[in-house]
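>>> sequence unknown, structure follows:
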């Protein structure tokens, strides 16, 4: 991948490779003391996943039965050792609601037949938020919101050192599924021998802190679109790519770090070159260390990442982001195609 | 201690009196005579050469105990390792005569008029021993060193004339020579032999007797003579009885295991042969008493106590006419008549030798055990039963305890005014400045110090305290407290008490108060006049202690004054002389406000407090200088309320780490488990800023993992500053190196899984393979390979060998290195590229001509020349993931690897470029002739080669490897420290703000403003390097170590350093002519004061400060 002239450009694409430059704001380290850690690994060790927002309207009137999973949600998502990237917001719609919740309530209130009423929102990048679950608390199985077999497997693979786990939401068309899988597997084989870990890993500023092996390793995690246990995840991903689902295409979602999805791609619009570029970006040196200035969005995954990676919250890597990279020229790198803004 | 004997009211022993600051420093073996009833030293005789003091613990040699024999008027000993036997005058130590041709005598038996010697001739068998392992010593190695079974010369002498009666060449098994009724008996390796004492002629040989296959040096068969019976046990579980007159076999019996890493017990007491299985804590301990002639069991009984049994102490049990005395945990008195066991876990004997019951006393020599560290007696003790005619009262009448002096009635200064004045003057009015024992002044001290004055009192001095313009210091052994002018050192007044004053007084509200070894507390005016004196001891009863008469209940000099009251503790142990007495006195009048008895009674149940012990942890039982944080009183780790009630009596847990993990919180305080005044630097002791300390071989180092700790600590400025061993040496090793550090005062939080994922010990995860014949690389080409992926830039992939011979593949700065060491010379070749992350194939090749090649991912990347193949088989085994023993390369052992290792191979052939390239590309084995082939696929270190050199994986995790499974060796978790480049700090949770090496052994420390003042003799050795030289028997190292020893003895004085507390940088280095007394530095009024080991008191001030005071 070519390094452009000290200016990072970001390209997003849908059915064609349209280039949308997003000028990343901020200063990035130059090559002399740049962070040499691959993006996927830097994300695993340093990036805190965004919270998925679970808004509960009328929570004061819920029943005991519905309170239990809600309490569980709260317990898991609180404190420095939180094991769920969720934020629970409880609001009384009869009160004057702050923004942006007043807007959310305005959108859903006509659908509400019973309180408490739950709305789940996920940040999907570029300042956008996707609402992918809503309903009365009594109707929603919050335990399936908290975790699912696919998300647990995803977490285990990432902690075992998989660089990128490709979620593949199967379509109804088995042939298309096989084709997509074959394309990925062939690409993996090439990439696993081509991609090299940057040599400067371990140098000051590029220290690794977790024991997780740093290797170039990819895998596919298939999800049945009819799997009820995965509905929470499926609603999010297919909602982002409703155009492709409508066309019965398998969806491909490269996930890295602590469950950060880079993009949702329709298989028929994904090429080996695209996979290669995208992979090389994620395996390349993490020259932009600020998560928000990188593409992607975070899935809700139940995991005490700090504990699993470092033995505890207090033992996490030092946060030098405020000092690192100051007074240096920005570095520009191309970022692979993604969604049209 | 090698040997201990007693006769004629004297006792004699051979002991190493060398420095305890480092085990590497030269030994100072001596033959020492003491009065057996009061312990006074009668004479000492130097022993220039002896068994190496670096010979490991628990390894004998058990024969050394037989090199010392005494009668009422003579002592028989060898005054050198290879020296002949001499007779010395028991009274004077004068050598009376030498026994000709008895050089390297190994054992001595005396019948009074005759002497029988086992003589090696030439030099002792272990003369050329050199240690190899700088980590945990050579214990395991010593197990493979066996008595050589060569014939010795058995010699008989007339003791008085020195005439040799006869000699004969024969094998004599260690410890087996015995004499009785005109004959000598021994085991010659196969049978029992009986010779005539006078002629040496053979009386009889027995039939061959069974024995252990080989005898390690901590072992030896036992042979005991009783009446007409010879009892023999050869260490194979059998006891054999022979007729002493004919050698005819009488009976056999099973012989249970007893002792531990020592010979076994075979005793005849009151006409019965007593045996019991005692080695393991799980053993029943059932004693059986057999008839010596028939073997018939006459009596059998089990222990009647329910307690924790450790493994037997590492020495043989003893017996008297009325007691069997094993040491399963401490010292047990087993009464066969009453079938009763009386336990004393708080006292035990010295390693190798054990205890000596004699003269109606039980002598417990110095030990180096780490069990029950805050309760177990230390030093050399002679213990006696309580005399029924001299009971110790529990209720002590106050009448006669308080003595009112000439200044009684002197008004006490107002507390508020006195405190304000003291703060204004910046006094240092008590031991370590304040009741919290912080060691921190109230104000700054300007650097650019120079000596302002010095005075000499001579003798041992306490550390100084300074109040209202006077410096107070006591001449300990002269029992005299001096008040001197802080401006010029002139003595203002002196006061002599009734015994030693071991630590400085406490000055409060115009009163100078101190405890004394006469069992009293003294209160003087600041003019030196006695206001009152209070006998804290229940009675005025004295005994000899450290060669002076002291009360049975001495009081430390430094008493605690808090809120107008004086707190002190009288006594030596909760277990002896009625226990300790915590006493509160009114500062003004000396009247007692309470007296609490801390004895062997559990205050919660009324039973013996030993019921509280948990495995190797016991409640605090020994006294110390008290401290307070204003909320509680503290004596060592024990907390009290201000009514003298013990709170949270320990232990917290029997688990080593759990016991020591109770550190964090508002009750964390500076304490010294072995006592603040202990200046010996015993290798298993150190100070702690916390709340608890753990005992035991797996416990003593634990507190340092959970709390700031060190030889000496001060606290202030929100931090604790200390000088202590580097974390990698927390668990004692033959090598110890120290650092100065700053850390948070509150001990760190403990992550939930700390110490568990990796086994909780200080050892590092690795796979190890034992030394075998098929792994001997001597004179052979070598190819060693592995697949690795790592997350850290340092670490050993594979290592075999040490500082003399070896090879290793390791990472340094992220780059692979191949090390080959031949005849001590190290050659290292390095790959040009860093390889952190990703799977990489590493191969090191050593060719027959010494050419070295390093391959990374199939390509040859570096070459070198080692000059040849390995010249000998390295003593160390092969490690994967660390080099746990002494390092082959220039890294620091164990140099833990962090990452995954897979497919380890070792060949004794040199692979070609093509073979290695193909191996990388296709995975084809380099050759079918590997001597080690480990895939880790089943999670074990199983060797798939024909040689089956399987090893063990310790602490690794099975994960996906390059092919199949590999072993992940996790890094220690302490990220900030690793980022600072100090990865091995991971043994401890303590996260220093900074840690620096300093060029001195810190024996005194004061914090003042932003300067830490430290003082001590020069540290001239790097122990890693000197150990390497020791292991190589490099003669030059002895000079280095001797020089260091001289420096520690005061040869070149000391250095006073000023260290910036923010950076750890040394900002001033002032040489001084004397050594500091332990913790002898104090600061007040902008000046430093120091007491020195040669009896001096010094004042240091900056010119500016001096000018201001003038």
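The structure has been received and is ready for your questions. Please read these numbers as outputs of a predicted model, since none were measured by experiment.
>>> contacts and neighbour counts: CA atoms only from here.
Fine.
>>> what's the distance between the closest residue to residue B:365 other than its chain neighbours and residue B:624?
Spatially, and ignoring its direct neighbours in sequence, residue B:365 is nearest to residue B:380 (4.5 Å; Cα to Cα, 6 or more residues apart in numbering or on different chains). Between residue B:380 and residue B:624 the computed distance is 19 Å (Cα to Cα, to the nearest Å).
>>> Also residue B:660?
For residue B:660, the distance to residue B:624 (Cα to Cα) stands at 20 Å.
>>> still on that earlier bit, residues touching the residue nearest to residue B:365, list them.
Going by Cα atoms under 8 Å, 6 or more residues apart in numbering or on different chains, residue B:380 touches B:363, B:364, B:365, B:366.
>>> Please list the members of those that lie in strands.
Counting by DSSP state E, these place B:363, B:364 in strands.
>>> Who are the contact partners of the closest residue in space to residue B:127 that isn't next to it in sequence?
Leaving aside its sequence neighbours, residue B:127 sits nearest to residue B:51 (Cα to Cα, 6+ apart; 7.0 Å). Applying Cα under 8 Å, 6+ apart, we find residue B:51 in contact with B:81, B:126, B:127.
>>> Low-confidence bits of the stretch 151-300 of chain A, can you list those?
A:204-205, A:244-247, A:287-293 (pLDDT under 70).
>>> Can you show me the strands along it?
Using DSSP state E, counting those that start in this stretch, the strands of the stretch 151-300 of chain A run over residues A:164-169, A:218-223, A:251-256, A:260-261, A:265-266, A:297-298.
>>> how about TSV for those strands, with mean neighbour count and distance to chain B added?
Converted to TSV, the strands of the stretch 151-300 of chain A look like this (neighbours: other Cα atoms under 10 Å in any protein chain shown; distance: least, Cα to the nearest Cα, whole Å):
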stretch	mean neighbour count	distance to chain B
strand A:164-169	24	14
strand A:218-223	18	13
strand A:251-256	26	16
strand A:260-261	24	21
strand A:265-266	25	28
strand A:297-298	23	25
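>>> From the centre of chain A, give me the residue that's furthest out.
residue A:94 (34.2 Å; Cα atoms, centre = their mean).
>>> which residues sit in contact with that one?
Counting by Cα under 8 Å, 6+ apart, residue A:94 touches no other residue.
>>> Need the three-state assignment for it.
coil (DSSP: H, G, I helix; E, B strand; the rest coil).
>>> Against residue A:102, how distant is it?
Taking Cα to Cα, one finds residue A:94 at 11 Å from residue A:102.
>>> Over to residue B:541?
87 Å.
>>> ok, now residue A:224?
Distance from residue A:224 to residue A:102, by Cα to Cα: 36 Å.
>>> Check residue B:616 too.
Counting by Cα to Cα, the gap from residue B:616 to residue A:102 is 65 Å.
>>> out of these two, which sits in the busier spot?
residue B:616 (25 against 14; other Cα atoms under 10 Å in any protein chain shown).
>>> May I have the residues that are in contact with the more buried one?
Contacts for residue B:616 (Cα under 8 Å, 6+ apart) come out as B:371, B:372, B:654, B:695, B:696.
>>> Ok, residue B:22 next?
Per Cα under 8 Å, 6+ apart, neighbours of residue B:22: residue B:736.
>>> Please tell me how far the residue in chain A that chain B sits nearest to sits from residue B:961.
In chain A, the residue that lies nearest chain B is residue A:215 (4.1 Å; Cα to the nearest Cα). Distance, residue A:215 to residue B:961, using Cα to Cα: 10 Å.
>>> And residue A:243, by the same measure?
41 Å.
>>> where do the helices sit along the chain?
Let's take chain A. A:39-46, A:64-77, A:101-108, A:142-146, A:149-159, A:174-194, A:231-240, A:242-246, A:272-283, A:305-310 (DSSP state H).
>>> you looked at the wrong chain, it should be chain B
B:139-142, B:415-425, B:656-661, B:703-706, B:913-922, B:975-979, B:1023-1031, B:1036-1048, B:1103-1109.
>>> elements contacting the second one?
Here helix B:415-425 touches no other helix or strand, going by 3 or more Cα pairs under 8 Å, 6 or more residues apart in numbering or on different chains; DSSP states H and E.
>>> ok, residue B:718 - how many residues close by?
The number of residues near residue B:718, taken as other Cα under 10 Å, comes to 11.
>>> Need the phi and psi values for residue B:518.
phi -80, psi 10 (degrees, to the nearest 10).
>>> Could you report the neighbour count for it?
Look at residue B:518: counted by other Cα under 10 Å, it has 26 neighbours.
>>> Tell me the confidence at it?
Looking at residue B:518, its pLDDT reads 98.
>>> Okay, it and chain A: tell me how far apart.
With distances taken as Cα to the nearest Cα, to the nearest Å, residue B:518 is found 52 Å from chain A.
>>> check contacts around that residue.
Taking Cα under 8 Å, 6+ apart as the test, what residue B:518 contacts is B:498, B:499, B:500, B:540, B:542, B:550, B:551, B:553, B:554, B:555.
>>> Just the buried ones from those, in ChimeraX syntax?
Applying 16 or more other Cα atoms under 10 Å in any protein chain shown to the contacts of residue B:518, the buried members can be selected in ChimeraX as follows:
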select /B:498,499,500,542,550,551,553,554,555
